[in-house]
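# Return atomic coordinates for the entry below.
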Amino acid sequence: MPDWEAIVVDDASHDGTVDVVADFARRDPRIRLARHEVNAGPAAARNTALERARGDWIAVLDADDLFMPDRLATLVAYGDREGVDIVADNLWLKDPSTGAIVRSGLPRDGKVRDWTLRAHLEHEFPASGFVYGLLKPLVRRAFVERTGQRYRPEFRYGEDFVFYTEMLLNGARARILPDPRYVYQLPISEVDGTRSDN
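Numbering: from 1, shown residues only. Model (predicted):
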């Protein structure tokens, strides 16, 4: 899928992120750098990207996670065909200690799930087996613009859960595909309890 843009938001980092991204941006105009002078947190970084996005669909990719090569093409094709506002996929969960994929977030049962407000809230408890707030869907930019939807900067944790909840409250139609194409690094190892560096 060659038709994409990557907006890298540097949230006042102290490493070489800006230089690395600026070098890539000089070589590929699809890559754009946005910088915060003061650390504002993940919700503010996501809002900066939302304001600058030009594509029909918006996807979040956190710094310690990965996309499978066919992810964007698969989700965009499904979202366009079905006319939904949010399309997510299952997650591969990666252990930060071993670097190995330990499991998928949801069962790989071949079933497309309706992501309703009820299902969203029912899966927010750890006992549910997997919380939907961890999903990293594609969202239709036209829906975000029409509703004025933004992440709430006061939340430095759980900002995705709140954003998805408000989208669903605003009438977004959403689905979750069963196959994992997003690799999510767990914050704490399920093998030895060590924390991720990121």
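
# make it CA atoms for all contacts and neighbour counts henceforth
Fine.

# what mean pLDDT does stretch 9-28 have?
The average pLDDT within stretch 9-28 is 95.

# what's the offset of it from the middle of its chain?
20 Å (C-alpha atoms, centre = their mean, to the nearest Å).

# and the residue nearest to Met1 when sequence neighbours are not counted, how many neighbours?
Closest residue to Met1 apart from its sequence neighbours, by C-alpha to C-alpha, 6 or more residues apart in numbering: Ala73 at 5.8 Å. Other residues lying near Ala73 total 13 when counted by other C-alpha atoms under 10 Å.

# what does the helix or strand Ala73 falls within rub up against?
Using DSSP states H and E, the element containing Ala73 is helix 71-82. Identification of contacts with helix 71-82 by C-alpha atoms under 8 Å, 6 or more residues apart in numbering yields Met1, Trp57, Asp85, Ile86, Val87, Ala88, Asp89, Leu138, Arg181, Tyr182.

# Report the contact partners of the residue nearest in space to the middle of the chain.
A centroid search over the chain (C-alpha atoms, centre = their mean) returns Lys136, at 3.0 Å, as the residue closest to the centre. Taking C-alpha under 8 Å, 6+ apart, we find Lys136 in contact with Ala59, Val60, Leu61, Ala88, Asp89, Tyr182.

# which of the residues you listed lies closest to Asp10?
Lowest distance from Asp10 to the contacts of Lys136 (C-alpha to C-alpha) belongs to Leu61, with 13.0 Å.

# distance of that closest one from Arg150?
According to C-alpha to C-alpha, to the nearest Å, Leu61 and Arg150 sit 17 Å apart.

# any idea how far the helix holding Ala73 is from the chain center?
15 Å.

# Could you identify the helix or strand that succeeds it?
In N-to-C order, the element after helix 71-82 by DSSP H and E is strand 86-94.

# That following strand: partners in the sheet, and parallel or antiparallel?
Partner strands and pairing direction for strand 86-94 (DSSP bridges) are strand 101-104 (antiparallel), strand 138-140 (antiparallel), strand 174-185 (parallel).
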